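> Need coordinates for the below:
(one chain, ligands or ions: 2)
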Amino acid sequence: MSTPRRLLARLRDLMARRDPAGGDATLPQLVRMVAAELVSEVCSLYVLRPGGILELTATEGLHPDAVGRTRLRVGEGIVGLAAATHTALNLADAQNHPAFAYRPETGEEPYASMLAVPLRRAGRTLGVLSVQNRTPRRYDADEVEVMETVAMLVAELLAASGAADTAEEGLLSTVPRRFTGSPLVPGLAIGPVVVHGTAHAPRRLLADDPAAEQARLAEAVKQMQRGIDQLIAASLPQAGPANSPEAAASRDILDAYRLVAADGGWLKRVADAIRGGLSAEAAVHRVAGDLRDRMRRVVDPYLRERLADLEDLIGRLLAALDGGGSPAPVAPGAILLARRLGPAELLDWHARGIAGVVAEEGTAGGHAAILARALGIPSLAGARGIIDAAEPGDDMVLDADEGYAILRPEQDVIQAYQRALEVRSARQAGWAALRDQPTRTRDGVPVSLMLNVGLTLELAQLELTGAAGIGLFRTEIAMLARGAIVDVPEQAAVYARVLDAAGSRPVNFRTLDLGGDKLLPGSAPPEEENPAMGWRSLRIGLDRPALLRRQLRALLLAAGGRALSVMFPMVATVAEFRAARALLLAEAARVRPAPSALRIGTMLEVPALMWQLPALLRETDFISVGTNDLLQFLFAADRGTPALAGRYDLLSPPVIELLSELVAQCDAAGVELSVCGEHASRPLEAMALVGLGITTLSMPAAGLLPVKAMLAELDLGVLRRVLAAIRRTAAGAASVREPIASWAREQGLPV
Ligand code: PEP
Ligand code: MG
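Numbering: from 1, shown residues only. Ligands and ions are numbered 1, 2, ... in the order given. As a prediction, this is how the structure comes out:
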């Protein structure tokens, strides 16, 4: 490994000698030096120019006349491909690669093998460095490593000299751009962009004294680990005392993260890079760059989550090397852009005061999304390309209600959103005053508003909203956060914590609803064409009864003689409900003390249940309508497909007819009916549901007080007559949202 150190030392001299006014003058020396050290016949540097053109700027070995003439678009040729994919290409026979673009002026016919490495800095591509040899061969791992290190240095050189088009998209970097994504947590934010993971480039790249750098690294690692412990202790006080079961679920989220922190594999790679002649921060930077590139290629969702955690650690380590200390608060309203976020990073940024998150990747079931929801940070995922397009400090409007972010919006757009935010906060102040009022309509009909909860972290919302109870406790969320199905005592501790927090308020525990988009990390996704309609939820529970029984036992143990209410998800036939109920009753016969009352209910999410109501209503204690899945199955429209979002409406004749039939049959049978699912949290939808006769609604916490405010103004008797009239004239309409909404507006209802 002497070559890289010697090469790095020579590069350092070159960088120190360079003329700051004319960065390009050093480039011919640079390519000559790299070619000599790597024993390559050719070394060429392509620099990104405005318009996405890679221009041959310096070469050793290709025809000198080609400099300034040979130009490739990003994506064109091997060089363009390396730039477009952000990946090093290592080819034994480059000329027969399908992407090869022949440029006669270069005289490159004799050279078979080629290694092309993108020059990346702060998430942007500034050019490509390549070497070529006559002999067909693949470059070995050490050579690739050296080239990548050199590429990092050259990227710094280019950035410092202003030689490359750092805006990458030229003019585009000043115009507004809109990015769509999937809303993870609804809400609005307006503020300057902060970019996660593109920590400023290290001030010092090379170091003479590897032992001193190793010592700095060791100290920074210690500091990072202390920081993580403090973060875990300090970020979750609302979850309860450190050793109490109530803190367990939140800490569970961080468990996998701790494991990664203790894994020395990546630290070893950093130490190797220091031995090669880099400063500690440059070495961390190098490993981070590699990880980001590898992360993009990993398909397995579990591994991707782990790599995100690792990137999080690297960010912390860079901060520690940079002098440590607590990170500065962000500007008010700042919106965080990230490729992916680990859970601890999100807590960190939350502590610094971010008002919103936009991620290029990530799913609603991801760890960070679960925490974002619990912390109430408006968040959007799937906004691809946003990091490359944004500069830190750019203005941004995040509308996570509608699922988009506007980068560099026009002033009048910012002002319109500012007005919307002001109206919201004024409204919020009014809503808070409603917390302790009874929930009823203006004409005195009581309504029960309950919470949908998935983490013990969210239990504080019971007090904050004054909810009547927990209408839906999604038991799988804590498991997804934890990354495994935990044993009976641990499950029981979580459920007991939920019952303790609810006190005399009712709680409906839903049994595990895994499968579809909710995959346990590590479990290989089953090969299914339509996972949402596949082996999921209660189907898994009935096929793996031991799993379901363990959960039921944990629930009974948690109740410890208190009342217990359990419901089953995705029931498609009465026979399935019976089988599940039989498992619960069998466990209940064994567990002592027995619950003081045991309510067994079903979710109605599969339309087929509508034609089994007479039998079902004889056997179930209650029905809770899961509108998220019901709409998906009723309209055959995947709830996770962004292109279908909003295409089919809850406020449409088929859904309204279905629900009113359900209300009529439940009333006649004396069976309690409620609606859970996101729709119930929107005042207009909630109004229509109450108008149809469903007076128990369960929803995410953010919707509860706005719905309560709407109800306080609602004359239910009048609404019923209006709805009846709308239904009489609605046959064939795709939606009846507009007539319902215009009536609500006429009444001055806050919908
Ligand atoms: C639903 O489908 O409406 C529901 C509440 O369950 P989940 O969203 O957890 O599938
Ligand atoms: Mg569901």
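> How far does stretch 403-412 sit from its chain's centre?
Centroid displacement of stretch 403-412 relative to its chain, using CA atoms, centre = their mean, to the nearest Å, is 21 Å.
> which residues touch that stretch?
If you take CB atoms under 8 Å, 6 or more residues apart in numbering as the criterion, stretch 403-412 is touched by 174-183, 193, 335, 358, 380, 383, 386, 389-390, 394-399, 413, 417, 642, 645. (C-beta placed from N, C-alpha, C; glycine too.)
> do the same with stretch 353-360
Here stretch 353-360 has contacts from 179, 181, 184, 187-191, 194, 329-330, 332-341, 346, 349, 368, 372, 377-387, 396, 398, 400, 405, using CB under 8 Å, 6+ apart.
> Buried residues in it, which are they?
Neighbour-count burial for stretch 353-360, with 16 or more other CB atoms under 10 Å as criterion, is recorded at 354-360.
> try stretch 479-497
Buried residues in stretch 479-497 (16+ other CB under 10 Å): 479-483, 485-486, 488, 490-497.
> Show me which of those is closest to Ala83.
For the buried residues of stretch 479-497, the residue nearest Ala83 by CB to CB is Gly483; the value is 36.5 Å.
> what about the residue nearest in space to the middle of the chain, helix or strand, and which?
The chain has Gly362 as the residue nearest its centroid, 3.2 Å off, counting by CA atoms, centre = their mean. Following DSSP states H and E, one finds Gly362 outside all helices and strands.
> For the remainder of this discussion, apply numbering that starts at 27.
From this message on, residue numbering opens at 27, which makes the last subject Gly388.
> pLDDT score for it?
Turning to Gly388, the model gives it a pLDDT of 74.
> Please apply the same query to the one 3 residues further on.
According to the prediction, Gly391 has pLDDT 58.
> Looks to me like Leu82 is in a helix.
No: under the criterion used here (DSSP: H, G, I helix; E, B strand; the rest coil), Leu82 is strand, not part of a helix.
> Contact partners for the nearest residue to it once chain neighbours are set aside?
Spatial nearest neighbour of Leu82, chain neighbours left out: Thr96 (4.0 Å); criterion: CB to CB, 6 or more residues apart in numbering. Applying CB under 8 Å, 6+ apart to Thr96 gives the contacts 81-82, 88, 129, 131-132.
> cool, and Ala612?
Contacts for Ala612 (CB under 8 Å, 6+ apart) come out as Arg575.
> Helix or strand: which one has it?
Take DSSP H and E as the rule and Ala612 turns out to sit in helix 600-616.
> could you point out which element follows that helix?
Following helix 600-616 toward the C-terminus (DSSP H and E): strand 624-630.
> Run the chain-centre distance for that next one.
A distance of 32 Å separates the centroid of the chain from that of strand 624-630, by CA atoms, centre = their mean.
> what do you get for stretch 85-92?
Distance of stretch 85-92 from its chain centroid, counting by CA atoms, centre = their mean, is 46 Å.
> what's next to it, contact-wise?
By CB under 8 Å, 6+ apart, stretch 85-92 touches 54, 57-58, 60-61, 66-71, 82, 93, 96, 129, 131-134, 137, 158.
> Give me the subset of these that lies in helices.
54, 57-58, 60-61 (DSSP state H).
> picking that back up, if burial is judged by neighbour count, which of the contacts of Thr96 pass?
Buried residues within those, counting neighbours by 16+ other CB under 10 Å: 81-82, 88, 129, 132.
> of the residues you listed, closest to ligand 1?
When those are compared for distance to ligand 1 (CB to the nearest ligand atom), Glu81 wins out at 52.0 Å.
> and after the helix or strand Leu397 falls within, which helix or strand comes next?
If you go by DSSP H and E, Leu397 is part of helix 393-401. Going down the chain from helix 393-401, the next helix or strand is strand 405-407, by DSSP H and E.
> Can you list the strands that that following strand pairs with?
strand 208-211 (antiparallel), strand 382-385 (parallel) (DSSP bridges).
> Kindly reformat those as a markdown table and extend each row with mean pLDDT and distance to ligand 2.
Output for these, formatted as a markdown table (pLDDT from 0 to 100; distance: least, CB to the ion, whole Å):
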| stretch | mean pLDDT | distance to ligand 2 |
| --- | --- | --- |
| strand 208-211 | 88 | 17 |
| strand 382-385 | 96 | 24 |
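> Ala751: which of those is closest?
With CB to CB as the measure, strand 208-211 is the member of the strands paired with strand 405-407 nearest Ala751 (33.6 Å).
> Buried members of the contacts of stretch 379-386 into ChimeraX, please.
Buried members of the contacts of stretch 379-386, defined by 16+ other CB under 10 Å, are picked up in ChimeraX with:
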select :205,207,210,213,214,215,216,217,220,356,359,360,361,362,363,364,365,366,367,372,375,394,398,403,404,405,406,407,408,409,412,413,422,424,426,431
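> Helices - which of the contacts of stretch 379-386 land there?
With helices taken from DSSP H, the overlap with the contacts of stretch 379-386 comprises 372, 375, 394, 398, 412-413.
> What is the nearest of these to ligand 2?
Using CB to the ion, Ala398 comes nearest to ligand 2 of the ones in helices among the contacts of stretch 379-386, at 20.2 Å.
> ok, now which ones touch the closest one?
Contacts of Ala398 (CB under 8 Å, 6+ apart): 210-211, 372, 383, 405.
> Farthest pair within the buried residues of stretch 379-386?
Farthest-apart pair in the buried residues of stretch 379-386 is Ala381 and Glu386; separation 18.8 Å (CB to CB).
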